[in-house]
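>>> Kindly generate the corresponding structure for this input.
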Amino acid sequence: MRFALLSLISLASACASTTSTTLPAKDTSRLVAHLQLLGTVDDMALVIPPPQDTTEAQAYLSGALASMRNNQPRQAGAFLDAILKSDHLSDRGRANVYWLAADAHHLAGEDARHADCLAGFLVAADLLPGDGDMKKREVEARSTLVARKLKTSPALGKSPSSAIHVEDARDPATIVSELPCGRSGRYVENAVATHGEDASDGRQLEERRLVCSEGGGQLVLWFDVTHTR
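Numbers count the residues shown, from 1 in each chain. Below is the predicted model of the structure:
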């Protein structure tokens, strides 16, 4: 997931109103300084209060963009989190801002907020009519969250009874691509087998045998693809 995936046009439409004043990139630090003078920014937690209107929401969005350009993802995440606390977003805008916030928190190394924003994106995206770009991002978000869960739930996906439930036929391969191994390796698929006829409960399962690109370690993951689309 990278910030550049969304065009500036998509970002500009994230807030409900299109008639507003935005801060140019060079004025981002001035906005933060102004908020600090007002006593509304927590220097330790970098918490910015929600925007009071759509004009301020657009200014925050501009501040987030400038922060990302200036390699300040933590500050960008603070701006985007503040926007998400407001009511100045369309449904599609909320999904887009969650997506951007997830990327900002990921780059800032804030794993918990990264996961929270991906989950928020999936909820927001579910309210929208499907389109190719949004569905692709949903696959990526789900896969990242499942890969994260695999780290904390070692038994998940290791047997047919604990198969990973997937919604999209692209999910299994994308989940595999998110799994690290060794110091800097990645798992690659060695074989894929489907199991349906012999499943007593009627589920359609996929068994994927993986090999680590670094050291050759092997892993077998089971996926429940019964309800994929």
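
>>> which parts of the helix or strand where L61 lies are buried?
L61 is located in helix 54-69, with elements delineated by DSSP states H and E. Using 16 or more other C-beta atoms under 10 Å as the test for burial, helix 54-69 gives 54-68. To be clear about C-beta, it is placed using only N, CA and C from the backbone, and glycine gets the same treatment.

>>> Tell me the one among the residues you listed nearest to A95.
Minimum distance to A95 across the buried residues of helix 54-69 is 14.2 Å, recorded for L61 (C-beta to C-beta).

>>> What mean pLDDT does the helix or strand containing C117 get?
Using DSSP H and E, C117 maps to helix 111-125. Mean per-residue pLDDT for helix 111-125: 95.

>>> Next: stretch 165-180.
92.

>>> Now do the buried residues in that stretch.
Buried positions in stretch 165-180, judged by neighbour count with 16+ other C-beta under 10 Å: V166, D168, R170, D171, P172, T174, I175, V176, E178, L179.

>>> and what of stretch 83-94?
Within stretch 83-94, the residues that count as buried by 16+ other C-beta under 10 Å are I83, L84, S86, H88, L89, R92, G93, R94.

>>> Among those, which ones are in helices?
Counting by DSSP state H, these place I83, L84, R92, G93, R94 in helices.

>>> quick check, nearest of these to L122?
Closest to L122, out of all of those and judged by C-beta to C-beta, is R94, at 11.8 Å.

>>> who's in contact with stretch 215-229?
The contact list for stretch 215-229 (C-beta atoms under 8 Å, 6 or more residues apart in numbering) reads 157-160, 162-169, 171-172, 175-176, 179, 181-182, 185, 187, 190, 202-212.

>>> mind redoing it with 7 Å?
By C-beta atoms under 7 Å, 6 or more residues apart in numbering, the residues outside stretch 215-229 that reach it are 157, 159-160, 163-169, 172, 181-182, 185, 187, 203-211.
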